[in-house]
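Participant: Return a 3D structure for these sequence lines:
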Amino acid sequence: MEDMRTSETWRIFRIQSELVDGFETLHDLGPAVTVFGSSRLAVGSEYYTAAETVAAKLSAAGFAVITGGGPGIMEGANKGCCGNGSQSVGLNIALPTEQFPNKYQDISLTFRYFFARKLMFVKYAIAYVIFPGGFGTLDELFEALTLVQTEKIRKFPIILYGSEYWKGMIEWIQDKMLGYECINEAELELFSVVDKPYEVLDIVAKHHKNTTKVVRGERRKYKSCGMPEL
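Facilitator: Numbering: from 1, shown residues only. Presented below is the predicted three-dimensional model:
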């Protein structure tokens with residue numbers, strides 16, 4: 001029993017260490033966009049190519065790009081960002097399969113705990129771009145929608161890339177969730193769907209412009225989505 005209590009106590013310190021490391025490393029990152037998507041959509045996939053293009057455009061426009069640091073869509077986004085003017089960030093996670101850090105990361109952090117990593121994704125992002133993916137991608141999507149819906153974070157763009165992929169899910173949301181009044185019409189506007197890389201940049205740039213204030217007439221200060229509790 002004593003060993004288990006000691007183990008649980010040390011787990012708190014490990015969690016604290018991951019949070020402190022993340023906060024200190026990303027504190028001065030500046031405006032960033034978090035990109036999610038499947039680790040299994042590799043080079044040659046149309047979505048890998050699109051993620052690379054989207055990230056390149058965001059990077060050239062002054063936005064850092066944050067991903068989960070792994071292969072597939074994550075690699076494509078880090079690759080597109082890297083060397084195009086802004087920092088490419090990978091928030092890696094220790095997993096038994098699939099996850100290995102891609103080589104296109106200017107800043108690389110590794111997490112043991114999903115919830116600490118997920119906090120970093122949302123805390124430092126001014127927008128989410130969601131490419132086709134599996135359970136993990138959907139988890140990030142619906143968590144972001146829930147945080148905005150419940151006003152735990154400021155409203156920010158949640159962009160689904162690839163209308164063909166997301167079509168069935170959106171129809172189900174409209175038919176079932178809205179049909180049974182589990183959500184309302186206004187909550188359907190918490191996300192947008194695009195099919196072109198320039199559409200992502202347009203949405204992000206407009207949001208950033210609208211949420212940026214001039215401080216003392218010269219210094220521009222950005223707002224991440226933020227978390228009131230923090």
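Participant: quick one: secondary structure of the residue nearest to residue 108 when sequence neighbours are not counted?
Facilitator: Excluding the flanking residues, the one nearest residue 108 by Cβ to Cβ, 6 or more residues apart in numbering is residue 90, at 4.8 Å. Using the backbone N, CA and C atoms, a C-beta is placed for each residue, glycine as well. Secondary structure, DSSP: H, G, I helix; E, B strand; the rest coil: residue 90 is strand.
Participant: I'd say residue 90 and residue 100 touch.
Facilitator: No: taking contacts as Cβ atoms under 8 Å, residue 90 lies outside contact range of residue 100: 10.7 Å.
Participant: What are the boundaries of the strands in this protein?
Facilitator: Using DSSP state E, the strands of the chain run over 32-36, 64-67, 88-93, 107-111, 127-130, 158-161, 192-194, 213-215, 219-221.
Participant: Ok, which of these comes nearest residue 117?
Facilitator: Of all those, strand 107-111 sits nearest to residue 117, with 4.0 Å by Cβ to Cβ.
Participant: so who does the most centrally placed residue in the chain touch?
Facilitator: The centroid of the chain falls nearest to residue 34 when counting by Cα atoms, centre = their mean (2.9 Å). Contacts of residue 34 were listed using Cβ atoms under 8 Å, 6 or more residues apart in numbering, and they are 65-67, 121-122, 124-125, 127-129.
Participant: buried residues in the longest helix anywhere in the chain?
Facilitator: As assigned by DSSP state H, the longest helix anywhere in the chain is helix 2-26. By neighbour count on 16 or more other Cβ atoms under 10 Å, the buried set for helix 2-26 is 18-19, 22, 25-26.
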